[in-house]
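# The following comprises the amino acid sequence and a computationally predicted model.
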Amino acid sequence: MAAEYLLEMENIEKSFPGVKALDRVTLKVRPGTVHALMGENGAGKSTLMKCLFGLYRKDAGTIKIDGEEVNYEDPKDALIHGVSMVHQELNQVLRRNVMENIWLGRFPKKRGLVDHKKMYDDTKALMDELGLSVDPTQELSGISVSRRQMIEIAKAISYNVKVLVLDEPTSSLSVEECEKLFEVMNMLKERGVSMVYISHKIDEILRISDEVTIMRDGKNVVTKKKEELTTDEIIKNMVGRDLTNRYPPREHKVSGEVLLKVENLTGMYEPTCHNVSFELHKGEILGISGLVGSRRTELLETIFGVAHHKEGKLYKDGKEIHNRNSKEAFKNGFAFVTEERRATGIFPQADIRFNTTIANIRKYRKGLLLSDKNMGSDTQKMIDALATKTPSQKTKIQNLSGGNQQKVIIARWLLANPDILLLDEPTRGIDVGAKYEIYQLIIQLAKEGKGVIFVSSEMPELLGVCDRIMVMSNGQLAGILEREDLSEEVIMRLSVKYV
């Protein structure tokens with residue numbers, strides 16, 4: 001007789017210096033089902049899965065697969081035994097191609113040498129099975145984040161997987177790619193694979209999951225079938241309070257004064273933006289919408305100077321400026337929160353104080369030394385303002401949850417007091433409570449007369465927070481919509497204008 005549960009984690013405990021991350025947590029997943037795992041950033045979701053995957057050693061509790069107790073020594077041990085995990089932050093070898101990344105550590109051999117033909121054929125067969133049109137020989141550095149996410153999922157599936165953990169898998173996927181992922185998940189369910197699905201997207205959870213477990217502060221709150229849950233109930237259990245409004249009231253007034261004028265901006269190297277012109281007013285939150293491949297990120301990178309431009313001009317307060325690199329952009333009053341926080345946002349081995357103050361380090365100089373007191377004071381101010389969950393300022397940032405890492409990055413740039421803040425997917429992988437706090441900060445900046453450019457793939461948050469929305473399509477400006485003209489239908493129509 002088959003076991004009722006394929007995966008059983010009972011009374012799991014895990015502590016780190018200064019914090020108990022998991023307190024007698026239990027998670028049981030039935031065969032061939034999707035079990036959603038929800039909770040605020042820092043609730044312990046990823047920590048629990050890392051205990052399963054062999055990345056962390058649990059302090060107490062038992063883990064069973066197919067009724068047999070297991071304790072994986074490391075991720076390789078877990079993979080060999082059919083437990084695979086796709087992490088929220090991609091950890092890939094960007095200077096290697098697709099097939100090398102998928103079969104890394106287990107290259108097929110022929111007469112003692114790597115069999116490149118078999119590796120190519122196996123990769124092509126895997127991609128065809130999943131309906132992905134990806135060249136196995138393409139270098140990963142030239143592939144978008146969303147496509148790399150799907151490649152990582154394909155890699156996880158390439159093992160003889162019994163339990164698949166997906167940690168925020170749709171955070172950087174387009175609507176079409178999300179649909180493809182859900183098709184793959186349904187295929188895996190039919191094969192009897194159990195999936196643990198970590199996501200903050202409640203509409204997704206209520207659509208694709210069979211059961212839902214909600215965690216808060218390292219403990220179980222509730223486990224129910226998805227049919228027994230509503231959006232309001234999920235939010236209340238996650239944050240421990242009613243959150244009646246998903247977006248803060250917009251009390252700021254947009255000035256008629258132009259803060260930034262972008263004129264005919266075209267990037268130097270493809271893929272890039274082409275001939276983009278727009279204005280950003282003081283006190284304005286300007287959203288940028290568009291499909292994957294619309295070059296929203298490339299536009300921000302070109303404005304900030306981390307990508308060179310071939311043509312075009314920038315004017316700030318009516319005067320032409322030159323952002324030829326990030327240092328120059330910073331001096332000109334710009335700040336940029338990037339999409340990929342692990343690759344381009346954090347210093348993983350450094351503590352929170354360093355990561356918070358590094359962009360403004362000259363401010364803390366006292367002769368040849370740095371003022372530890374002033375650095376500590378400003379860091380604590382930002383921890384309190386953003387409700388960042390951390391044992392102390394001396395905690396390494398890599399030990400924080402993804403959402404709390406994002407808060408530290410935002411804090412870094414807020415301390416720099418920029419006139420113009422460029423935000424690229426600032427709420428990606430962040431829970432509803434933390435999102436609300438970040439929305440409040442954005443609106444507060446606008447009230448202070450700052451200008452905010454806000455890129456997001458989540459249309460509801462753009463509609464809920466922004467004063468105007470600029471729509472990009474295949475690197476070109478497809479249109480700019482005033483608040484009274486905003487609707488998802490109009491935005492989607494403009495998104496495909498130049499595709």
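Looks like it arrived, so ask away.
# Surely residue 221 touches residue 237?
Yes: look at residue 221 against residue 237 with Cβ atoms under 8 Å: they come within range, at 4.9 Å. The way it works is simple: take the backbone N, C-alpha and C, and place the C-beta from them, glycine included.
# intersection of neighbour lists for these two?
Between them, residue 221 and residue 237 share the neighbouring residues residue 214, with contact defined by Cβ atoms under 8 Å, 6 or more residues apart in numbering.
# Where does the prediction get shaky in the stretch 201-350 of the chain?
Residues of the stretch 201-350 of the chain meeting the criterion pLDDT under 70: 241-244, 340-344.
# so where do the strands sit in it?
Under the criterion DSSP state E, counting those that start in this stretch, the stretch 201-350 of the chain contains strands at 211-216, 219-225, 258-267, 276-281, 285-289, 309-316, 319-321, 334-337.
# now do the stretch 51-200 of the chain
In the stretch 51-200 of the chain, the strands defined using DSSP E, counting those that start in this stretch lie at 60-65, 68-69, 83-86, 109-110, 113-114, 163-167, 194-198.
# Can you say which of those is nearest to residue 102?
For the strands of the stretch 51-200 of the chain, proximity to residue 102 was assessed by Cβ to Cβ; strand 83-86 is nearest, at 12.2 Å.
# same for the closest one, what does it pack against?
helix 45-53, helix 75-80, helix 145-158, strand 163-167 (3 or more Cβ pairs under 8 Å, 6 or more residues apart in numbering; DSSP states H and E).
# so how far is the last one from its chain's centroid?
Averaging C-alpha coordinates over strand 163-167 and over its chain gives two centres that are 16 Å apart (Cα atoms, centre = their mean, to the nearest Å).
# got the angle for it vs helix 45-53?
Taking axes from the mean of the first three to the mean of the last three Cα atoms, to 10 degrees, one finds strand 163-167 and helix 45-53 inclined to each other by 150 degrees.
# got the CA coordinates for strand 163-167 in CSV?
As requested, the backbone C-alpha atoms of strand 163-167 are provided in CSV (Å, rounded to 0.1, in the frame of the first residue of the first chain):
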residue,chain,number,x,y,z
VAL,A,163,10.3,15.8,-4.8
LEU,A,164,10.8,19.2,-6.6
VAL,A,165,11.1,22.4,-4.6
LEU,A,166,10.3,25.6,-6.5
ASP,A,167,11.3,28.7,-4.6
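# Lowest average pLDDT across the helices and strands packed on strand 83-86?
For the helices and strands packed on strand 83-86, the stretch scoring lowest in mean pLDDT is helix 145-158; its value is a mean of 84.
# Could you dump the helices and strands packed on strand 83-86 into JSON lines and include mean neighbour count and distance to residue 432?
JSON lines is the format used below for the helices and strands packed on strand 83-86 (neighbours: other Cβ atoms under 10 Å; distance: least, Cβ to Cβ, whole Å):
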{"stretch": "helix 45-53", "mean neighbour count": "24", "distance to residue 432": "14"}
{"stretch": "helix 75-80", "mean neighbour count": "16", "distance to residue 432": "30"}
{"stretch": "helix 145-158", "mean neighbour count": "21", "distance to residue 432": "22"}
{"stretch": "strand 163-167", "mean neighbour count": "24", "distance to residue 432": "17"}
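# Ok, which of those comes nearest residue 178?
Nearest of the helices and strands packed on strand 83-86 to residue 178, taken as Cβ to Cβ: helix 145-158 at 9.7 Å.
# helices or strands up against that closest one?
Checking 3+ Cβ pairs under 8 Å, 6+ apart, helix 145-158 ends up next to strand 83-86, helix 98-102, helix 116-130, strand 163-167, helix 175-190.
# nearest to residue 436, of those?
For the helices and strands packed on helix 145-158, distance to residue 436 was read as Cβ to Cβ. The smallest value, 21.9 Å, belongs to strand 163-167.
# Contacts for the closest one, please.
Strand 163-167 is contacted from outside by 6-7, 29, 45-46, 49, 52-53, 65, 82-88, 153, 156-157, 188, 193-198, using Cβ under 8 Å, 6+ apart.
# quick one: strands adjacent to that strand?
As defined by DSSP bridges, the strand partners of strand 163-167 come to strand 83-86 (parallel), strand 194-198 (parallel).
# report the angle between the axes of that strand and helix 175-190?
Taking the same axes, to 10 degrees, one finds that strand 163-167 is oriented at 160 degrees with respect to helix 175-190.
# Please point out which parts of stretch 485-493 sit buried.
Residues of stretch 485-493 classed as buried by neighbour count (16 or more other Cβ atoms under 10 Å): 486, 491.
# quick one: average pLDDT of that stretch?
Taken as a whole, stretch 485-493 has an average pLDDT of 87.
# Please apply the same query to stretch 456-470.
The model assigns stretch 456-470 a mean pLDDT of 91.
# ok, residues contacting that stretch?
Contacts made with stretch 456-470 from outside it, assessed by Cβ under 8 Å, 6+ apart, are listed as 172, 174, 246-247, 250, 254, 278, 284-289, 292, 425-428, 435, 439, 442-443, 446, 454, 477, 479-483, 486, 488, 491.
# what's the answer for stretch 213-233, then?
With Cβ under 8 Å, 6+ apart, stretch 213-233 has contacts from 20-28, 35-40, 42-45, 47-48, 202-203, 205-206, 209-212, 234, 237-240, 242.
# Drop anything exposed from the contacts of stretch 456-470.
Taking 16+ other Cβ under 10 Å as the criterion, what is buried in the contacts of stretch 456-470 is 172, 174, 250, 254, 278, 284-289, 292, 425-428, 435, 439, 442-443, 446, 454, 477, 479-481, 486, 491.
# Give me the subset of those residues lying in helices.
Judged by DSSP state H, the buried ones among the contacts of stretch 456-470 include 435, 439, 442, 443, 446, 491 as members of helices.
# got the contact list for the nearest residue to residue 387 once chain neighbours are set aside?
With Cβ to Cβ, 6 or more residues apart in numbering as the measure, residue 437 is the residue that lies nearest to residue 387, at 5.8 Å, once sequence neighbours are left out. Counting by Cβ under 8 Å, 6+ apart, residue 437 makes contact with 386, 387, 407.
# cool, and residue 385?
Going by Cβ under 8 Å, 6+ apart, residue 385 touches 411, 414, 441.
# what's the answer for residue 321, then?
In this structure, residue 321 makes contact with 314, 315, 332, judged by Cβ under 8 Å, 6+ apart.
# Which positions within whichever strand or helix holds residue 27 qualify as buried?
Taking DSSP states H and E as the definition, one finds residue 27 inside strand 19-29. For strand 19-29, the neighbour count (16+ other Cβ under 10 Å) marks 19, 21, 22, 23, 25, 26, 27, 28, 29 as buried.
# where's the first one relative to residue 430, distance?
What that stands for is residue 19. Applying Cβ to Cβ, to the nearest Å, the value for residue 19 to residue 430 is 19 Å.
# picking up where we left off before, and the strand holding residue 27, what other elements does it pack with?
Applying 3+ Cβ pairs under 8 Å, 6+ apart, one finds that strand 19-29 makes contact with strand 7-16, strand 34-39, helix 45-53, strand 194-198, strand 211-216, strand 219-225.
# Repeat the analysis, applying 6 Å as the threshold.
Using 3 or more Cβ pairs under 6 Å, 6 or more residues apart in numbering; DSSP states H and E as the contact definition, the elements that strand 19-29 packs against are strand 7-16, helix 45-53, strand 219-225.
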